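Chemist: please work out how this folds:
(chains A and B)
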2 protein chains.
Amino acid sequence: MSSPTDRPTGRPRTIDPDAVSLVALRLFNEQGFDTVSMDDVAIAAEVSRRSLFRLFPSKAALVWAGIDEFATRFTAALDARPASETSDAALRAAYRIAATFPDAAVEVTRRRFRVIAANPTLEHIGDPTIARLASRIVEFVADRDGAQITSLGVAVRARILASAASAALAWWAQHGTGRPEDAVDAALKLVPDLR
Amino acid sequence: MSSPTDRPTGRPRTIDPDAVSLVALRLFNEQGFDTVSMDDVAIAAEVSRRSLFRLFPSKAALVWAGIDEFATRFTAALDARPASETSDAALRAAYRIAATFPDAAVEVTRRRFRVIAANPTLEHIGDPTIARLASRIVEFVADRDGAQITSLGVAVRARILASAASAALAWWAQHGTGRPEDAVDAALKLVPDLR
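Modeler: Residues are numbered from 1 along each chain as shown, chains lettered A, B, ... in the order given. So this is what the prediction gives:
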């Protein structure tokens, strides 16, 4: 995952977006999201302002960069679950898979969630992706359970495991010492199969 | 719940904030939250601009006016639960009680949730009250369950029933024909006792 830069003399030819994101998240954690500017990020990451904006249109994009990969893993996992499985079992498996971040992404993921926890306005910015995921889950649950998409049961079943997984990731970022997927797994085990 | 107005000739002496809120919510539902101005609300509600701003500092305040009453009922109910009850049982009871809106508030509550569903940015604005409630729930669960406030189990148990109740209220506003507390009750019954 690299892209060509405008390459000022002596700078490397490619920029690793994850590395830039990590530098930014460290600054946000240490100095506060609101006080750090895109210029500060560019200087700390040793990239040009132009390259930075090409990769990340905003400070929020630096924080949320990982959510798309989570959503992609989640959706692929859901699509791959056997049709015989209940929505409950399939969702549990998909959350575990989605929360299995690659080794190289674990620290950056922890920092993303910490910055989001410290800046609740950021939560809102992830909404388009999260809203798409939420609709996909409602459709999946209705389809698997043979229930009306507008039924209360579907609305509830689509939300419960999502909230357990989300609580687990937020908890892991603050207090967890292990892997994010293990925290999600432990959280899902606290929720009995839904009626 | 009434307050003195600046009383232009022929206007009533007192203004009912709930009635003003209802007029505003109807406008937001029919014309869209973004297109309706505070001036439009003042004209439709037949109050002066000054009186309107004194009661509601913003359009968002017109939408969120009911959340404080929900939070007050919820917190009072939680405080009143017998110490012998598990956190799970106490939270279920408190959500049911909080969702029991007075008859006169049912229509306005439905409209609040509809406007919020149509304008996700509004969800964010309720955050301070919701964030306070969320902290209160975490403390309550840790205390009742004799668990560390920073444990994963507390984080999960504090979130699951909240998400079921919140899904139920959102569902009820869109699809429910009965009372909000019955939708919350039905949703909570779909979630087995947490481990």
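
Chemist: chain B contacts on chain A?
Modeler: A:120-121, A:123-124, A:127, A:131, A:150, A:152-153, A:155-160, A:162-164, A:166-168, A:170-171, A:174-176, A:183, A:186-187, A:189-195 (Cβ under 8 Å from any Cβ of the partner chain). Quick note: C-beta positions are derived from backbone N, CA and C, even for glycine.

Chemist: what subset of those residues is buried?
Modeler: Buried residues within these, counting neighbours by 16 or more other Cβ atoms under 10 Å in any protein chain shown: A:124, A:152-153, A:155-160, A:162-164, A:166-168, A:170-171, A:176, A:183, A:186-187, A:190-191, A:194.

Chemist: now A:A173: phi and psi?
Modeler: Per-residue torsions, A:A173: phi -60, psi -30 (degrees, to the nearest 10).

Chemist: okay, now it: neighbour count?
Modeler: 19 (other Cβ atoms under 10 Å in any protein chain shown).

Chemist: kindly report the same for A:N119.
Modeler: 17.

Chemist: what about the residue lying closest to it once chain neighbours are set aside, distance to chain B?
Modeler: Leaving out its chain neighbours, the residue that sits closest to A:N119 by Cβ to Cβ, 6 or more residues apart in numbering or on different chains is A:F33, at 4.6 Å. According to Cβ to the nearest Cβ, to the nearest Å, A:F33 and chain B sit 15 Å apart.

Chemist: what's the answer for A:A60, then?
Modeler: Distance, A:A60 to chain B, by Cβ to the nearest Cβ: 13 Å.

Chemist: in what helix or strand does that residue lie?
Modeler: Taking DSSP states H and E as the criterion, A:A60 maps to helix A:59-64.

Chemist: strands of chain A, start to end?
Modeler: Using DSSP state E, the strands of chain A run over residues A:3-4, A:14-15.

Chemist: of those strands, which shows the lowest average pLDDT?
Modeler: Mean pLDDT per stretch puts strand A:3-4 lowest among the strands of chain A, at a mean of 47.

Chemist: ok, now which ones touch A:D185?
Modeler: A:R96 (Cβ atoms under 8 Å, 6 or more residues apart in numbering or on different chains).

Chemist: residue of chain A nearest chain B, please.
Modeler: Minimum separation of chain A from chain B (Cβ to the nearest Cβ) falls at A:S163, amounting to 3.6 Å.

Chemist: so that residue touches B:R159, yeah?
Modeler: Yes. Taking Cβ atoms under 8 Å as the definition, A:S163 is a contact partner of B:R159 at 4.9 Å.

Chemist: on that earlier part again, mind checking pLDDT for the residue of chain A closest to chain B?
Modeler: A:S163 is given a pLDDT of 93.

Chemist: read off the pLDDT value for the residue nearest the centre of chain A.
Modeler: The residue lying closest to the centre of chain A (Cα atoms, centre = their mean) is A:I67, at 3.0 Å. Per-residue confidence (pLDDT) for A:I67: 83.

Chemist: test my guess that it contacts A:R132.
Modeler: No. Counting by Cβ under 8 Å, A:I67 does not reach A:R132; the two are 10.6 Å apart.

Chemist: what about the helices in chain A?
Modeler: Secondary structure of chain A (DSSP state H): helices at A:17-31, A:38-45, A:49-55, A:59-64, A:67-80, A:87-98, A:106-118, A:120-125, A:127-145, A:152-175, A:180-189.

Chemist: tabulate the ones you listed (a markdown table), appending distance to B:M38.
Modeler: Below are the helices of chain A laid out as a markdown table (distance: least, Cβ to Cβ, whole Å):
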| stretch | distance to B:M38 |
| --- | --- |
| helix A:17-31 | 35 |
| helix A:38-45 | 34 |
| helix A:49-55 | 36 |
| helix A:59-64 | 28 |
| helix A:67-80 | 35 |
| helix A:87-98 | 43 |
| helix A:106-118 | 32 |
| helix A:120-125 | 23 |
| helix A:127-145 | 25 |
| helix A:152-175 | 33 |
| helix A:180-189 | 43 |
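
Chemist: looking at those, which is nearest to B:P102?
Modeler: Comparison of those against B:P102 by Cβ to Cβ identifies helix A:152-175 as nearest, at 22.7 Å.

Chemist: just checking, what packs against the closest one?
Modeler: Packing partners of helix A:152-175 (3 or more Cβ pairs under 8 Å, 6 or more residues apart in numbering or on different chains; DSSP states H and E): helix A:87-98, helix A:106-118, helix A:127-145, helix A:180-189, helix B:152-175, helix B:180-189.
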